[in-house]
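Novice: need coordinates for the below:
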Amino acid sequence: RLRRAVLYPLSYGGHTAIWPSGEVSSQTVYPRRSMWCTGNLRQVSGAGRVLVVDDDDVIRQLITVNLELEGFEVIPAVDGQDALDKVKEAQPDVVTLDVMMPRVDGWAAAERLRADPETAHIKVILLSARAQESDIQRGERIGVDAYLTKPFDPDELIDVVRRLAAASGSASA
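Specialist: Presented below is the predicted three-dimensional model:
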């Protein structure tokens, strides 16, 4: 099943994915210290384009590597303003947005993406350590497509990205 090395430094706790339909996917995830793929890694092409936005270099790189190994084309951005500057040229199927970032945070970036007719169709995932009900409701009010809490399981993130990219109609995953 694995097409990529298992990169799990973010999966030391539980995670929750909340979908606009109200469906909640939640489970406890434990470290997989000994589960490194030793076979050939093959890249799957045509999975879609993802704009990965996080001010933490390590998290941004881990998300990028995991998505690229699953066949996604990834465009990195260091904060919300950088994402807004890149989004129209990049034309991503999905944007993953950290919430707490300098300059323009994930909330404001998501609101601006939704308000612009040229970007309103792009699927948006908010990634945050903020898991209070008020934060989740704020994401719903903005109109994000999914809300994942940190720490998250990279496999769960990939599944959510794949599902949203397929829903955008341009991915072949």
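Novice: is it true that residue 164 lies in a helix?
Specialist: Yes. Counting by DSSP: H, G, I helix; E, B strand; the rest coil, residue 164 is found in a helix.
Novice: distance of the closest residue to it other than its chain neighbours from residue 51?
Specialist: Sequence neighbours aside, residue 123 is the residue nearest to residue 164 in space, at 3.8 Å (criterion: Cβ to Cβ, 6 or more residues apart in numbering). Every residue, glycine included, has its C-beta placed from N, CA and C. Per Cβ to Cβ, to the nearest Å, residue 123 is found 10 Å from residue 51.
Novice: intersection of neighbour lists for these two?
Specialist: Shared contacts of residue 123 and residue 51 (Cβ atoms under 8 Å, 6 or more residues apart in numbering): 94, 95.
Novice: list phi and psi for residue 128.
Specialist: phi -150, psi 150 (degrees, to the nearest 10).
Novice: just give me the neighbour total for it.
Specialist: The burial count assigned to residue 128 is 21, neighbours taken as other Cβ atoms under 10 Å.
Novice: state the pLDDT value of it.
Specialist: pLDDT recorded at residue 128 is 89.
Novice: ok, now how distant is it from residue 99?
Specialist: In terms of Cβ to Cβ, residue 128 sits 4 Å off from residue 99.
Novice: what's the burial count for residue 102?
Specialist: When neighbours are counted by other Cβ under 10 Å, residue 102 registers 10.
Novice: for this structure, which residues score under the pLDDT cut-off?
Specialist: Confidence mapping of the chain against pLDDT under 70 gives the ranges 1-46, 170-173.
Novice: and with 80 instead?
Specialist: Along the chain, segments meeting pLDDT under 80 span 1-46, 169-173.
Novice: and the residue minimising distance to the centre of it, what does it touch?
Specialist: By Cα atoms, centre = their mean, the chain has its centre lying nearest to residue 96, at 3.6 Å. With contacts defined as Cβ under 8 Å, 6+ apart, the neighbours of residue 96 are 50, 51, 52, 53, 54, 63, 125, 127, 157, 161.
Novice: these in strands, which ones?
Specialist: Using DSSP state E to define strands, the subset of those located there is 50, 51, 52, 53, 125, 127.
Novice: and which of those residues is nearest to residue 142?
Specialist: residue 125 (12.0 Å; Cβ to Cβ).
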